[in-house]
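Peer 1: Sequence first, then the predicted structure:
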Amino acid sequence: MSNELIISATQDGCRIALLRDKQLVEFHEDSGGGKFVVGDIYLGTVKKVVQGLNAAFIDIGYEKDAFLHYLDLGPQFGSLQKFTKLVRAKKITGGKLDKFQFEKEIDKHGKIAQQLSRNQLIPVQVVKEPISTKGPRLSCEISIAGRYLVLVPFGSGVNVSKRISSSDERKRLQRLIQSIKPENFGVIIRTVAEGKEVDELDKDLRNLVKTWETELAE
């Protein structure tokens, strides 16, 4: 008697079939409500501002509005909003940030109503998937993870994973990424980048910038 497990995973979900002596004995399909997963970026619409929670509920297409707290707007929220408006007005194309002028950082002790209003459009990223009766949890501090690097739009620094213990390797990676990263982007160097050459890291960085341009700036 032979058993064979066949798994087919796509963006639409996962299908699992168990064959016994070439005959189907079990079949499972998961469409994954995984439409809203951590890391996804959306242009959301503010549906309700709740001053008592210092938060807002955002429509990103899920049956329940997503939750966005003031602290998750991030210090560069003003710059993100300015950039979004310029892109929508077609005054910026391609998502380039090299000549973009940052706005003043928002007050970390501020109020949500000072930044958001009903029907306002804002770029958001899912940081916690929807569960039970709750919608997704959102952030406006957007980051895009690659194989070796994490790209942080509207940043500037280069940070290295603390798990890379060698001082020389940390300096090498930081110096290397600092020399190739685009202006007004921050980068986090992941642990798996240790020992990698510039061509591999550069390729990963280029792919991340392309993803940024596709996700938000088109």
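Peer 2: Received it, and whenever you're ready, just let me know what you need.
Peer 1: alpha carbons only for contacts and neighbour counts from here, please
Peer 2: Noted.
Peer 1: where does Val150 fall, phi/psi-wise?
Peer 2: Taking degrees, to the nearest 10, you get phi -120, psi 120 for the backbone angles of Val150.
Peer 1: was I right about it contacting Ile188?
Peer 2: Yes - assessed by C-alpha atoms under 8 Å, Val150 is found in contact with Ile188 at 4.9 Å.
Peer 1: Let me see the ranges of the helices in this protein.
Peer 2: With DSSP state H as the definition, the chain shows helices at residue ranges 77-88, 167-180, 198-215.
Peer 1: can you put those in JSON lines and add distance to Ala145, mean pLDDT and mean neighbour count?
Peer 2: Compiled in JSON lines, these are given as follows (distance: least, C-alpha to C-alpha, whole Å; pLDDT from 0 to 100; neighbours: other C-alpha atoms under 10 Å):
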{"stretch": "helix 77-88", "distance to Ala145": "19", "mean pLDDT": "92", "mean neighbour count": "18"}
{"stretch": "helix 167-180", "distance to Ala145": "15", "mean pLDDT": "97", "mean neighbour count": "15"}
{"stretch": "helix 198-215", "distance to Ala145": "7", "mean pLDDT": "92", "mean neighbour count": "16"}
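Peer 1: how close does Phe201 sit to Glu103?
Peer 2: If you look again at residue 201, you'll see it is Leu, not Phe. In this view, Leu201 and Glu103 are 30 Å apart by C-alpha to C-alpha, to the nearest Å.
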